[in-house]
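Trainee: Got a predicted structure here, sequence first:
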Amino acid sequence: MKLEKSKALWEEGKQYMPSGVSAGGRVNVACGMPHYIDHAHGARLYTVDGEEFIDYHGGSGASMFGHDHPRVKAAIEECLSRGFFMNYDSEKTLEFAKNFTTLVPTVEKFRLLNSGTEATMAAIRIARGYTGKNIIIKMDGHFHGMHEMVWYNHGKYPPMGPDGIVETAPDSNGIPAVFTSLVKVAEFNNLDAVAKLVEMYHGDIAAIILEPVVFNMGAAEASPEFVHGIRKLCDEEGCCMIMDEVITGMRFRPGSAQGYYGVQPDLTTFAKAIGAGMSISLVGGKAEIMDICSPGGTVGVSGTYSGNQLAVWAANECVKMALEPGFYDHIEAVGGKLFTGMEALMKKHGLPGHVHGKGARFAIYWGYDDPAIDQDLRKSQQLFRRDMANAFINGALDNGLYFHSYWDAPIPSHCGFSVQHTLEDIDISLEKMDKVMAGMTSMV
Ligand SMILES: Cc1ncc(COP(=O)(O)O)c(C=O)c1O
């Protein structure tokens, strides 16, 4: 992999940005530095060092439509020609609203924001405003953004009690204990643990929040019993069920994870894929609850850039595409070929591991074969081979495939492909991976 120019730019960047990056996630931890990109097109990234990569990072999930998508680009250009104005809605906003609620009918009303972090912040404020209660229950290992209401127990894993309850551990310094005291943490997929917390904090619970498929801890899927059990607990307790679809949103049919599980959360959050790279997020849910938003209601959810037209035009085009026949057939065909192809290569080279994919996003679990273990974060961590993950990522980078690691932890980082990846791209990628994996056989 050629990195000379990236390295020089990164060194220069250190004078202006902490660690030389505009966001912590820009560093690819497997190779210890960020890649500087010159341009991107379709399924490919082109670096300042003149290298071409087939992209399996997908902008942390925001580039599900690939790069430079012609239809998204045309929509943005049309918006530019109208003055890309701010702080007003347009007929396009309404068109987006109709299309989005057709794609995800469980969302009856919504507000627009700019990032997943903002969307979960708003969801929790709405839940607290609606219920008049304070406590939030979240799951061990789940990530919902970087604010004081939810940034706990994603990067930190304190010991778990026999009842599946975990001490609340902030993932960053700078979070006062008063916020921490309002968040309680239960083991994922352990309904008894969540029920115990509901019993303990009965009468003061505003919401239970979860990621339905936890791409922030690999690709761990909620069991249908767990999702429906949470729905029932929320109904009985009178608190809000918040399904965080910031990553899962739009990635699989029908109607994202809530359609797949057949459940209507009270509140839900979308971001990433819906904007094809433009900053847009959405908090939505049952009309009766969303109507608490001001000015008609009492909970403030607004922002200068909320519903900004460039993002709305882009998002509307994305949702239109997702509603067209064949859209998810393509995702499933590409994913099927990629996941089975990678697993066949692991077997061929005698490497322990498997690929866990759902829609257009997936995780590569090195170290063990049984996907049932993926749902058990603590057990999965014991078996996961970080050394193999790093070897694979660096080998892939050497062979023109961009994979990214966010951390050095024993958890796979989520990867993805876009609607612009073709079956031919997958053939090319598998050929390259064959070489990469052949170089890893001495690791077992
Ligand atoms: C499930 C989930 N929720 C919320 C967020 C926060 O989104 P953002 O990075 O846009 O603030 C993320 C980001 O990765 C996420 O994966």
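Mentor: Noted; the coordinates are in hand.
Trainee: which residues touch the closest residue to the ligand within the chain?
Mentor: Going by CB to the nearest ligand atom, the ligand is nearest to Gly116 of the chain, at 2.2 Å. Every C-beta, even on glycine, is put in place using the N, C-alpha and C of the backbone. Contacts for Gly116 (CB atoms under 8 Å, 6 or more residues apart in numbering) come out as His144, Gly145, Asp244, Val246, Thr269, Ala271, Lys272, Ser281.
Trainee: swap in Ser302?
Mentor: Taking CB under 8 Å, 6+ apart as the test, what Ser302 contacts is Arg111, Ser294.
Trainee: Wasn't it part of a strand?
Mentor: No. Ser302: not assigned to a strand; according to DSSP: H, G, I helix; E, B strand; the rest coil it is coil.
Trainee: Just to be sure, Phe96 is in a strand?
Mentor: No. Counting by three-state DSSP, Phe96 is not found in a strand; it is helix.
Trainee: I'd assumed Val319 was in contact with it.
Mentor: Yes. Between Phe96 and Val319 there is a contact under CB atoms under 8 Å: 6.6 Å.
Trainee: What is the three-state secondary structure of Arg111?
Mentor: Using three-state DSSP, the structure places Arg111 in strand.
Trainee: quick one: it from Ser302, how far?
Mentor: 8 Å (CB to CB, to the nearest Å).
Trainee: Could you tell me the angle between the helix or strand in which Arg125 is found and strand 109-113?
Mentor: Element membership for Arg125 (DSSP states H and E) is helix 116-131. On the basis of axes from the mean of the first three to the mean of the last three CA atoms, to 10 degrees, helix 116-131 is oriented at 140 degrees to strand 109-113.
Trainee: helix or strand right after helix 116-131?
Mentor: strand 135-139.
Trainee: what comes into contact with that following strand?
Mentor: For strand 135-139, contacts defined as CB under 8 Å, 6+ apart pick out 124, 127, 144, 149-150, 152-153, 182-188, 194, 197-198, 201, 204-211, 214.
Trainee: try 7 Å this time
Mentor: For strand 135-139, the external contacting residues (CB atoms under 7 Å, 6 or more residues apart in numbering) are 124, 144, 149-150, 152, 182-186, 188, 194, 197, 201, 204-210.
Trainee: what about Thr93, neighbour count?
Mentor: Look at Thr93: counted by other CB atoms under 10 Å, it has 16 neighbours.
Trainee: Not counting sequence-adjacent ones, nearest residue to it?
Mentor: Once flanking residues are discounted, Thr93 sits nearest to Val312: 5.3 Å by CB to CB, 6 or more residues apart in numbering.
Trainee: Kindly report the same for Gly25.
Mentor: Closest residue to Gly25 apart from its sequence neighbours, by CB to CB, 6+ apart: Tyr406 at 5.8 Å.
Trainee: Provide a list of residues in contact with that neighbour.
Mentor: Gly25, Val29, Ser413.
Trainee: what about Pro410, which SS state?
Mentor: Pro410 - assigned by three-state DSSP - is coil.
Trainee: burial of it, as a residue count?
Mentor: For Pro410, using other CB under 10 Å, the count is 17.
Trainee: need the contacts of Tyr406 in JSON lines with neighbour count and pLDDT, can you?
Mentor: Output for those, formatted as JSON lines (neighbours: other CB atoms under 10 Å; pLDDT from 0 to 100):
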{"residue": "Gly25", "neighbour count": "14", "pLDDT": "95"}
{"residue": "Val29", "neighbour count": "18", "pLDDT": "96"}
{"residue": "Ser413", "neighbour count": "24", "pLDDT": "95"}
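Trainee: My guess is Phe403 contacts Ala396. True?
Mentor: Yes. Using CB atoms under 7 Å, Phe403 makes contact with Ala396 at a distance of 4.8 Å.
Trainee: Name the residues contacting each of the two.
Mentor: By CB under 7 Å, 6+ apart, Phe403 and Ala396 have no common neighbours.
Trainee: before we move on, the earlier item: now, which of the contacts of Gly116 lie close to the ligand?
Mentor: Near the ligand, judged by CB under 6 Å from any ligand atom, the entries from the contacts of Gly116 are His144, Gly145, Asp244, Val246, Ala271.
Trainee: Derive a ChimeraX selection command for the buried subset of the residues you listed.
Mentor: This is the ChimeraX syntax for the buried subset of these, where burial follows 16 or more other CB atoms under 10 Å:
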select :144,145,244,246,271
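Trainee: can you tell me which of the ones next to the ligand among the contacts of Gly116 lies nearest to Asn87?
Mentor: Within the ones next to the ligand among the contacts of Gly116, proximity to Asn87 (CB to CB) peaks at Ala271, which comes in at 20.4 Å.
Trainee: what sits against the closest one?
Mentor: Ser115, Gly116, Ala119, Val246, Ser281.
Trainee: try it again with 6 Å
Mentor: Gly116, Ala119, Val246, Ser281 (CB atoms under 6 Å, 6 or more residues apart in numbering).
Trainee: so what secondary structure elements neighbour the longest helix that the chain contains?
Mentor: Longest helix in the chain, counting residues (DSSP state H): helix 327-348. Judged by 3 or more CB pairs under 6 Å, 6 or more residues apart in numbering; DSSP states H and E, the packing partners of helix 327-348 are strand 353-358, helix 423-438.
Trainee: by how many degrees do the last one and strand 353-358 diverge?
Mentor: For the pair helix 423-438 and strand 353-358, the angle between their directions (the same axes, to 10 degrees) equals 150 degrees.
Trainee: What residues of stretch 421-437 count as buried?
Mentor: In stretch 421-437, counting by 16+ other CB under 10 Å, buried: His421, Asp425, Ile426, Ser429, Leu430, Lys432, Met433, Asp434, Val436, Met437.
Trainee: Output it as CSV, nothing but the C-alphas.
Mentor: Once non-C-alpha atoms are left out, stretch 421-437 reads as follows in CSV (Å, rounded to 0.1, in the frame of the first residue of the first chain):
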residue,chain,number,x,y,z
HIS,A,421,-21.0,-2.6,-6.1
THR,A,422,-21.5,-5.1,-8.9
LEU,A,423,-21.3,-8.9,-9.0
GLU,A,424,-18.1,-8.4,-11.0
ASP,A,425,-16.7,-6.2,-8.3
ILE,A,426,-17.3,-9.1,-5.9
ASP,A,427,-15.5,-11.5,-8.2
ILE,A,428,-12.5,-9.2,-8.4
SER,A,429,-12.6,-8.7,-4.6
LEU,A,430,-12.7,-12.4,-3.9
GLU,A,431,-9.8,-13.1,-6.1
LYS,A,432,-7.8,-10.5,-4.1
MET,A,433,-9.0,-11.9,-0.8
ASP,A,434,-7.8,-15.4,-1.9
LYS,A,435,-4.3,-14.0,-2.0
VAL,A,436,-4.7,-12.1,1.3
MET,A,437,-6.0,-15.2,3.1
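Trainee: Right, I'll call it a day here.
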